[in-house]
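Novice: Fold the following, please.
(2 chains)
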Amino acid sequence: QKEVEQNSGPLSVPEGAIASLNCTYSDRGSQSFFWYRQYSGKSPELIMFIYSNGDKEDGRFTAQLNKASQYVSLLIRDSQPSDSATYLCAVNGARGNNDMRFGAGTRLTVKP
Amino acid sequence: EAGVAQSPRYKIIEKRQSVAFWCNPISGHATLYWYQQILGQGPKLLIQFQNNGVVDDSQLPKDRFSAERLKGVDSTLKIQPAKLEDSAVYLCASSTSGGFAEQFFGPGTRLTVL
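Specialist: Okay, here's the model as predicted:
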């Protein structure tokens, strides 16, 4: 079982719609959870992080965490073509030293 | 604030050759990470340094990969000898501490092994 699992996609949504990206993780000791965006040929950039169960909102982005289900998601409201990228879920803290474990990413395409 | 610097940006070598990558982290960042990202996959942590000490190298193929951060600032990652499956982007990242601080990534070095 992979430590962090994501649907590879591609996920395609029309402009203005809500994009929903999902991630599950295997290590119950994981303490912090991250969403990175990676444009083709570029390095990952942090969008959001979440530590506590529930929702965390930042602009058009909402991260949701359910530790009991070992599940984290990212919602993107009012999706724009510029949101088209690969979204990487990452978890860390199981070993206590900020060692990040990444999923393979979900490729999102927002169609105008 | 200058970001994480890496060089070279691209490298093409033949299998069994050696190659080295260089990384200079954000000034003041104590923790430095090397990741390998194979096409279509997420980054995989190879090694983590806290200052000049190794915190985690459990996923580093030590028979061919080595890394050092002698003065606790910049770092080099070496592959000797390279294999075809080493073709990937090698990302360097840094953070202020080994806690849960945000990691900032450099632009990466794209390695092609022929």
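Novice: and chain A, which residues reach chain B?
Specialist: Residues of chain A lying close to chain B (CB under 8 Å from any CB of the partner chain) are A:4, A:8, A:31-32, A:42-46, A:49, A:51, A:88, A:90, A:92-93, A:95, A:97-105. For glycine as for every other residue, the C-beta is placed from the backbone atoms N, C-alpha and C.
Novice: residues touching A:F49, list them.
Specialist: Contact partners of A:F49, counting by CB atoms under 8 Å, 6 or more residues apart in numbering or on different chains, are A:S32, A:F33, A:F34, A:W35, A:A63, B:F100, B:E102.
Novice: which residues in chain B form strands?
Specialist: Assigned by DSSP state E, chain B shows strands spanning B:5-7, B:10-13, B:19-24, B:31-37, B:44-50, B:53-56, B:65-68, B:75-79, B:88-95, B:104-105, B:109-113.
Novice: For chain A, find the nearest of these.
Specialist: strand B:104-105 (4.0 Å; CB to the nearest CB).
Novice: So which residues make contact with that closest one?
Specialist: Contacts of strand B:104-105 (CB under 8 Å, 6+ apart): A:S43, A:P44, A:E45, B:G3, B:V4, B:I26, B:H29, B:L91, B:C92, B:A93, B:S94, B:S95.
Novice: could you give the mean pLDDT of that strand?
Specialist: Strand B:104-105 carries an average pLDDT of 94.
Novice: Likewise for stretch B:5-22?
Specialist: 97.
Novice: now do stretch B:43-61
Specialist: Per-residue scores along stretch B:43-61 average to 92.
Novice: Mind listing residues that contact that stretch?
Specialist: Under CB under 8 Å, 6+ apart, the answer for stretch B:43-61 is A:44, A:88, A:95, A:97-102, B:30-38, B:65, B:67, B:69-72, B:75, B:77, B:91, B:98.
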